[in-house]
Structures are given as structure tokens and as C-alpha cells.
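> When you get a sec, could you give me coordinates for this:
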Amino acid sequence: VQLQASGGGLVQPGGSLKLSCAASVVRLDDYAVGWFRQAPGKGREEIVCVSRVRKTVEYADSVKGRFTIARDSAKNSVYLQMNNLQPEDTAVYYCAAGGRCPDDIDFWGRGTLVTVSS
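Numbering: from 1, shown residues only. Predicted coordinates:
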């Protein structure tokens with residue numbers, strides 16, 4: 001099983017990035033899917049999760065109104081559109097899938113680094 005996150009990079013404050021997460025072997029529609037991040041010197045933070053059954057979406061307050069998760073079942077992928085990025089959004093971003101976010105994660109993708117700096 002592999003989750004491959006991509007799309008990170010360097011962006012100026014106020015800018016946008018779109019992260020992608022493609023899955024192989026497992027079908028993401030069968031799982032809760034989320035994006036997490038870990039900033040330097042801090043613990044891992046759940047920023048958004050789509051629940052497994054009802055497909056409800058929960059955003060962390062820190063990203064609400066700025067970040068949007070989207071899924072493409074045909075491509076077995078999930079995306080994270082990030083707008084109005086700020087320096088505090090600098091982190092390694094991970095996609096994950098499992099029974100429930102954040103405490104029942106079965107699969108973690110390799111992280112992708114997002115740096116917000118002028």
C-alpha cells in the first residue's frame with residue numbers, strides 16, 4: 001500500500017498551493033481520508049478529515065475557510081487546495097487513510113514540505 005503526497009514547495013505569504021495524494025492498492029473511497037501536518041518542533045496536527053461512511057468533512061480551525069479537500073474517485077486520489085497561506089502553515093504535510101481520523105489510521109503517505117516565506 002502506498003500513499004504518495006506531492007505538490008509542496010516554497011510560496012510567499014498569501015499564496016496558494018495544491019497538494020495531491022495518490023493511492024495504490026487500496027481504494028480511498030473505502031477509508032476515512034485526511035491531511036495532517038507537522039511543523040518544525042511541533043506535534044502532528046490533523047487539519048482535515050473526510051469520514052469513512054458519511055463522508056463528512058471536518059476542518060481544523062486553523063485552516064477553515066482557507067483550505068479545501070477534494071477527492072477524485074476515478075484517480076483514487078485526494079487533494080488539498082491551500083489558499084492564503086501564512087508562515088505558520090509551514091510544515092511537512094501528510095495524507096493518511098484509515099478507519100477514523102486521527103486515531104485509527106492504517107496508511108500514511110510520505111510527507112511533502114510546504115514552506116511559506118517571503
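> what bridges to the residue most central in space within the chain?
Centrality entry for the chain: nearest residue to the mean C-alpha point is Trp35, 2.5 Å, by Cα atoms, centre = their mean. Using DSSP bridges, the bridge partners assigned to Trp35 are Val48, Cys95.
> Show the pLDDT at it.
The model reports Trp35 with a pLDDT of 97.
> repeat for Ala22
Ala22 is given a pLDDT of 93.
> Surely it is in contact with Lys75?
Yes - using Cβ atoms under 8 Å, Ala22 makes contact with Lys75 at a distance of 7.0 Å. From N, CA and C alone the C-beta is placed, and that goes for glycine too.
> What number of residues are in the vicinity of Asn83?
14 (other Cβ atoms under 10 Å).
> What of Asn76?
So Asn76, with other Cβ under 10 Å, has 16 neighbours.
> In this structure it contacts Tyr31, no?
No - if you go by Cβ under 8 Å, Asn76 and Tyr31 don't touch, sitting 10.9 Å apart.
> which residues of the protein score low on pLDDT?
When residues are selected by pLDDT under 70, those of the chain lie in 1.
> The same query, at a cut-off of 90, please.
Scanning the chain for pLDDT under 90 picks out 1-4, 24-26, 54-55, 102.
> Might you report the residue contacts of Glu45?
Taking Cβ atoms under 8 Å, 6 or more residues apart in numbering, we find Glu45 in contact with 36-39, 60, 62, 91.
> Next one: it from Asn76, what distance?
From Glu45 across to Asn76, the span is 25 Å (Cβ to Cβ, to the nearest Å).
> what's the answer for Trp108, then?
16 Å.
> next one: Gly9
With Cβ to Cβ as the criterion, Gly9 and Asn76 are 23 Å apart.
> repeat for Gly98
Counting by Cβ to Cβ - Gly98 and Asn76 are separated by 16 Å.
> can you give me the strands in this structure?
2-6, 9-11, 17-24, 32-38, 44-50, 57-59, 67-72, 77-82, 91-100, 104-108, 112-116 (DSSP state E).
> Most tightly packed of those strands?
strand 32-38 (a mean of 24; mean count of other Cβ atoms under 10 Å).
> Residues touching that one, excluding its own?
Contacts of strand 32-38 (Cβ under 8 Å, 6+ apart): 19, 21, 44-52, 67, 69, 71, 78, 80, 89, 91-102, 104-105, 111, 114.
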